[in-house]
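In: Got a predicted structure plus its sequence, pasted below:
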Amino acid sequence: GIESTPGIVLKRSSVTRKTTFAESVHALVSDASENMPEVVCWNGAGDAFIVKERGEPLQPLLRRYFRHNNYTSLYRQLANYGWTMRNPGEYKRSFYRDGFTRDSKPAELQRITSRIGSEATNHKKSKSESSFRQPSKIASTPVVQTSTGRSAQKRKAFADACSGIQSALTDQEKHEN
C-alpha cells in the first residue's frame, strides 16, 4: 500500500518502468506545491524549487518519493544530478537545474542523469539527447590512472563531490543558527 499523509493526494501512474531521480523530484515538488507549499514549492518563474522546511514536515514527502526521509541525502543526490543552489540570500534552499522546470515533460526529465559515473553511458548519446546534462567537472579532474581506470576516477570524483556538499551544508547550518 501507499502511505497516506494528511493533505497530500497521491497520483497513481500506470507506468511500469522505473522512475528516474529527476521524475521523482518533479513529482515531489509538484505534489508538495499543490498540497504543502509551506514545505516545498516551485519558485514564481517555475524554473527552480524551494525547500522551506527540511525537518519533520519534509520527511513524509521524502519517504513517499525516495527510499529515505533524510534531507541531507536528497541534497547530495541533487548535487550529483547537477542541481545548484540559486539566490541563497532570498531563499536558503532554492534549487535550480537546466532542463528542470514546472512544465518539464517526462521525456525531458529522463535525460537528466547523474554527473557521477555517467560518462560511460553518456558518450554514446547524440548531442541533442544529452542537452540537459551539465558539463561535468569530473572529466577534468586529474586522477592517477590505475588498473581499475574509470573506477578510481569515479571514486575520486564522488569523494570530492561529497566533500564539497558537506562543506556547503556545514556553512548553511552555521548561517541558520
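Out: Looks like it came in fine.
In: going on from the helix or strand of the chain with the lowest mean pLDDT, what's the next piece of helix or strand?
Out: Least confident helix or strand, the chain: helix 119-122 with a mean of 44, by mean pLDDT, DSSP states H and E. Later in the chain than helix 119-122, the nearest helix or strand by DSSP states H and E is helix 150-176.
In: quick one: secondary structure of the nearest residue to residue 33 once chain neighbours are set aside?
Out: Spatial nearest neighbour of residue 33, chain neighbours left out: residue 41 (4.3 Å); criterion: C-beta to C-beta, 6 or more residues apart in numbering. Every residue, glycine included, has its C-beta placed from N, CA and C. Classification of residue 41 by DSSP: H, G, I helix; E, B strand; the rest coil places it in strand.
In: residue ranges with poor pLDDT in the protein?
Out: 1-17, 88-92, 117-150, 172, 175-177 (pLDDT under 70).
In: ok, now which ones touch residue 41?
Out: By C-beta atoms under 8 Å, 6 or more residues apart in numbering, the contact set of residue 41 is 29, 32-33, 49-50, 52.
In: how many other residues sit next to the closest residue to residue 104 other than its chain neighbours?
Out: Closest residue to residue 104 apart from its sequence neighbours, by C-beta to C-beta, 6+ apart: residue 26 at 6.1 Å. Residue 26 has 23 neighbours, counted by other C-beta atoms under 10 Å.
In: now residue 26, what's its secondary structure?
Out: Under three-state DSSP, the three-state class of residue 26 is helix.
In: check contacts around it.
Out: 100, 104, 109.
In: Name the residues linked to the residue nearest to residue 33 by a beta bridge.
Out: Residue 41 has these beta-bridge partners by DSSP bridges: residue 50.
In: now the contacts of residue 41 in a markdown table, with neighbour count?
Out: Shown next, in a markdown table, are those (neighbours: other C-beta atoms under 10 Å):
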| residue | neighbour count |
| --- | --- |
| 29 | 22 |
| 32 | 26 |
| 33 | 18 |
| 49 | 28 |
| 50 | 21 |
| 52 | 17 |
